[in-house]
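Visitor: Got a predicted structure plus its sequence, pasted below:
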Amino acid sequence: MIIPVRCFTCGKLIGDKWEEFARRVKTGEDAGEVLDSLGIKRYCCRRMLLSHVEIIDEVLRFYEEAEKRKEARSYYYQQ
Ligand SMILES: [Zn+2]
């Protein structure tokens, strides 16, 4: 959902590298070369970025919809 701040296995900080990694891979760069240039060498850390699926924006959409419904419901019961 959200990239973990640290590698689950070794604890290296990886959360700050997600934005650049995702942007560069999206523009067509090779993911392995991007990881090398970011200094992520161990395979435990590499899998954190390679296997990550960013779904927070989709989840937030449902949350916002639920909030709207909650507001509408509270408005209805005030009448
Ligand atoms: Zn690691």
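Guide: Cool, the structure landed.

Visitor: what number of residues lie near the nearest residue to L35 once chain neighbours are set aside?
Guide: Here the nearest residue to L35 in space, its sequence neighbours aside, is R46; by C-beta to C-beta, 6 or more residues apart in numbering that works out to 5.3 Å. Yep, even glycine has a C-beta here, placed from its N, CA and C like the rest. A total of 18 residues lie near R46 under the criterion other C-beta atoms under 10 Å.

Visitor: now G32
Guide: As a measure of burial, G32 has 10 neighbours, counting by other C-beta under 10 Å.

Visitor: May I ask you to name the longest helix in this protein?
Guide: For the chain, the longest helix by residue count, based on DSSP state H, is helix 56-78.

Visitor: Pull the distance from that one to the chain's centre.
Guide: In terms of C-alpha atoms, centre = their mean, to the nearest Å, the gap separating the centre of helix 56-78 from the centre of its chain is 23 Å.

Visitor: Can you list the low-confidence ranges for the protein?
Guide: Regions of the chain meeting the criterion pLDDT under 70 cover residues 79.

Visitor: which bits of it sit near the ion?
Guide: Counting by C-beta under 5 Å from the ion, the chain comes close to the ion at C7, T9, C10, K12, R42, C44, C45.

Visitor: Save the residues you listed as TSV, and put in neighbour count too.
Guide: Formatted as TSV, the entries for the residues of the chain next to the ion read as follows, by neighbours: other C-beta atoms under 10 Å:
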residue	neighbour count
C7	19
T9	12
C10	11
K12	15
R42	12
C44	14
C45	23
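
Visitor: Go through these and name the one nearest L60.
Guide: Top of the list for closeness to L60, among the residues of the chain next to the ion and by C-beta to C-beta, is C7 at 25.2 Å.
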